[in-house]
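Trainee: My questions are about this predicted structure, shown below with the sequence.
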Amino acid sequence: MTDYHKRASTILNRINELAKISEVPSCVTRTFGTFAFLEGSQRIQQWMQNAGLQTQVDAIGNVRGRLESPRADAKTFVIGSHMDTVVNAGKFDGPMGVMMGLDLIENLSQIGKSLPFHLELIAFSDEEGVRFHTTYLGSKVVAGSFDTSLLAKQDESGTSLGEVIRAIGGKIEQLSNDAIAPNDWLGYFEIHIEQGPILYEQKVPIAVVSAIAGQKRVEIKCTGMAGHAGTVPMDMRQDALCAAAEFILEVERLGKENKDKLVATVGKLNVVNAASNVIPGDVSYSLDLRSKDEDVLEWAYQTLKDTCQAIGERREVAVAWTLIQETAPVACDTMLNELLGKSISECGYERVELVSGAGHDGVPISQVSPIGMLFVRCFKGISHNPLEDVELADMAATLQVADQFINHLIDIYQ
């Protein structure tokens, strides 16, 4: 009889050990290409090697461990998640999926299960996109969709992505060779915390992810006229911050009126040369739109773009609108979802399906492979926050379901 709580405890210990590896001692921060990133990468590779996997670190810094099938014609089934974090992060977002994947493959290796497909565990190097504002770097390389123009992108210090790749030991010319060929993919599976409150509120430990919402991210710049706060009359101002504030409230209004279809967020605001006695003349801010419906996403995007321009014209504030990132909604694979749902029911848990509002490495992978995901309940749905937490019992339940799922998959292709 498998002791899932014991296995979950081992996973939690690894998560805690990885969380100690950080760019700053006061919180978990492990962004692409830093000393903490490299140390974390080495620790993960060591755990993979200890589990008997064939390991490599590819050109973009993904840590990859492989359990080979004896079949000459075997395809590859990938289990993955990411090892990078946001700034001041929680410790479960990403690393939990990597550690759970390691446990699943480690268990199969120990019992000597004959595999009809290769199993490859990948700790993706950069899903969050913190350093270069480019999400999915690691998974895009594996999917064969990496855009080499990104190599010129610079971080805040002026260091380019290409320079960082070389500094961590990667070879630019190797990037395209690190992709898994489309014909070699069997499927992709990821375990991730929900990062939302639904499972917590419903008191359900686990759920099948039916789809991943599409996203559009925009950078907006308002340029008015800076002036003295004490001398320019209220009706003669070209206040860039007031234009931004009006638009931000419109974003909230549209989001609330369509709360079942989309979410809309302004999460970053910068007032240039800010001072309490100066009318803001230069303000930049972000817009993040997400929906599982591509038509709704496009409608909201165009509506808010028109609204922003109209506010600018009325207030005599120039508006620069730049789309910096977009991804289409992704549906998870029907067959994999059915197996996951069946496994949940067989293990005695309620079957729940959720749409992920957060992006995941499965987005670029979906271009070349069927994908499936499980969500795990997290404390109050808190994520990207040091309060991020997952109960040991929920991790044990997820391992039981994932074991069942992998065994069903083996039986199908045996």
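Mentor: Received it, and whenever you're ready, just let me know what you need.

Trainee: pLDDT score assigned to residue 1?
Mentor: On pLDDT, residue 1 comes in at 64.

Trainee: Over to residue 112?
Mentor: Note on residue 112: pLDDT of 83.

Trainee: For it, grab the count of nearby residues.
Mentor: Residues lying near residue 112 (other CB atoms under 10 Å) number 6. All C-beta atoms are positioned from the backbone trio N, CA, C, and that covers glycine.

Trainee: now the one 5 residues further on
Mentor: As a burial measure, residue 117 scores 21 neighbours (other CB under 10 Å).

Trainee: Report how many residues lie close to the residue nearest to residue 381 when sequence neighbours are not counted.
Mentor: Excluding the flanking residues, the one nearest residue 381 by CB to CB, 6 or more residues apart in numbering is residue 197, at 3.1 Å. By the criterion of other CB under 10 Å, residue 197 has 14 neighbours.

Trainee: chain center to the stretch of helix or strand residue 396 belongs to: distance?
Mentor: Assessed by DSSP states H and E, residue 396 sits inside helix 392-413. Taking CA atoms, centre = their mean, to the nearest Å, one finds helix 392-413 lying 22 Å from the centre of the chain it belongs to.

Trainee: Check stretch 195-205 too.
Mentor: 19 Å.

Trainee: now the end-to-end length of that stretch.
Mentor: 13 Å (CA to CA, to the nearest Å).

Trainee: what sits up against it?
Mentor: 93, 194, 206-207, 349-350, 352, 354, 356-358, 375-381, 383-384, 391, 393-394, 397-398 (CB atoms under 8 Å, 6 or more residues apart in numbering).

Trainee: buried stuff in that stretch?
Mentor: Within stretch 195-205, the residues scored as buried using 16 or more other CB atoms under 10 Å are 195, 196, 199, 200, 204, 205.

Trainee: Pretty sure residue 170 sits against residue 60.
Mentor: Yes. Counting by CB atoms under 8 Å, residue 170 touches residue 60, with 6.2 Å between them.

Trainee: what's the model's confidence in the helix holding residue 396, averaged?
Mentor: Helix 392-413 comes out at a mean pLDDT of 97.

Trainee: What spatial separation is found between the residue nearest to the spatial centre of the chain and residue 29?
Mentor: When CA atoms, centre = their mean is applied to the chain, the residue found nearest the centroid is residue 360 (3.8 Å). With distances taken as CB to CB, to the nearest Å, residue 360 is found 20 Å from residue 29.

Trainee: cool, and residue 250?
Mentor: 33 Å.

Trainee: what does residue 278 give?
Mentor: 33 Å.

Trainee: can you check residue 285 too?
Mentor: Taking CB to CB as the measure, residue 285 and residue 29 are separated by 24 Å.

Trainee: Give me the local confidence score for residue 367.
Mentor: With respect to pLDDT, residue 367 scores 95.

Trainee: cool, and residue 54?
Mentor: Reported pLDDT for residue 54: 97.

Trainee: List the contacts of it.
Mentor: Residues in contact with residue 54 (CB under 8 Å, 6+ apart) are 65, 66, 67, 68.

Trainee: Then residue 193?
Mentor: Residue 193 neighbours (CB under 8 Å, 6+ apart): 92, 93, 96, 375, 376, 377, 378, 383, 388, 390.

Trainee: For the first one, give me the pLDDT.
Mentor: We note a pLDDT of 98 for residue 92 in this prediction.

Trainee: Assign a three-state SS to it, would you?
Mentor: coil (DSSP: H, G, I helix; E, B strand; the rest coil).

Trainee: swap in the fourth one?
Mentor: What three-state DSSP gives for residue 375 is strand.

Trainee: Surely it touches residue 356?
Mentor: Yes. Counting by CB under 8 Å, residue 375 touches residue 356, with 7.3 Å between them.

Trainee: how about the strands of the stretch 251-400 of the chain, start to end?
Mentor: Counting by DSSP state E, counting those that start in this stretch, one finds strands in the stretch 251-400 of the chain at the ranges 263-265, 269-271, 278-279, 282-291, 318-327, 330-331, 353-356, 371-376.

Trainee: Nearest to residue 342, out of those?
Mentor: Taking CB to CB, strand 371-376 is the member of the strands of the stretch 251-400 of the chain nearest to residue 342, at 11.9 Å.

Trainee: Partner strands of the closest one, with direction?
Mentor: strand 185-193 (parallel), strand 206-212 (antiparallel) (DSSP bridges).

Trainee: how about residue 355, what does it touch?
Mentor: Going by CB under 8 Å, 6+ apart, residue 355 touches 209, 210, 211, 212, 213, 292.

Trainee: In helices only, show me the buried residues of stretch 195-205.
Mentor: Judged by DSSP state H, helices contain the following of those: 199, 200.

Trainee: Adding distance to residue 185 and pLDDT, write the buried residues of stretch 195-205 out as CSV.
Mentor: CSV is the format used below for those (distance: CB to CB, whole Å; pLDDT from 0 to 100):
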residue, distance to residue 185, pLDDT
195, 26, 93
196, 29, 92
199, 29, 97
200, 34, 97
204, 31, 97
205, 29, 97
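
Trainee: right, and out of the buried residues of stretch 195-205, which lies closest to residue 269?
Mentor: residue 195 (22.8 Å).

Trainee: Return the distance of that closest one relative to residue 28.
Mentor: Residue 195 sits 15 Å away from residue 28, going by CB to CB.

Trainee: Return the alpha-carbon coordinates of the host helix or strand of residue 243 using PDB.
Mentor: Under DSSP H and E, the secondary-structure element containing residue 243 is helix 240-257. Only the C-alpha atoms of helix 240-257 are listed here, as PDB (Å, rounded to 0.1, in the frame of the first residue of the first chain):
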ATOM      1  CA  ALA A 240      -1.900  62.700 -17.100                       C
ATOM      2  CA  LEU A 241      -2.600  61.000 -13.800                       C
ATOM      3  CA  CYS A 242      -6.300  62.000 -13.800                       C
ATOM      4  CA  ALA A 243      -6.600  60.600 -17.300                       C
ATOM      5  CA  ALA A 244      -5.000  57.300 -16.100                       C
ATOM      6  CA  ALA A 245      -7.200  57.200 -13.000                       C
ATOM      7  CA  GLU A 246     -10.400  57.700 -15.100                       C
ATOM      8  CA  PHE A 247      -9.400  54.900 -17.400                       C
ATOM      9  CA  ILE A 248      -8.400  52.600 -14.500                       C
ATOM     10  CA  LEU A 249     -11.900  52.900 -13.100                       C
ATOM     11  CA  GLU A 250     -13.400  52.100 -16.500                       C
ATOM     12  CA  VAL A 251     -11.300  49.000 -16.600                       C
ATOM     13  CA  GLU A 252     -12.800  47.900 -13.200                       C
ATOM     14  CA  ARG A 253     -16.300  48.800 -14.400                       C
ATOM     15  CA  LEU A 254     -16.000  46.700 -17.500                       C
ATOM     16  CA  GLY A 255     -14.500  43.800 -15.600                       C
ATOM     17  CA  LYS A 256     -17.300  43.800 -13.000                       C
ATOM     18  CA  GLU A 257     -20.000  44.100 -15.700                       C
END
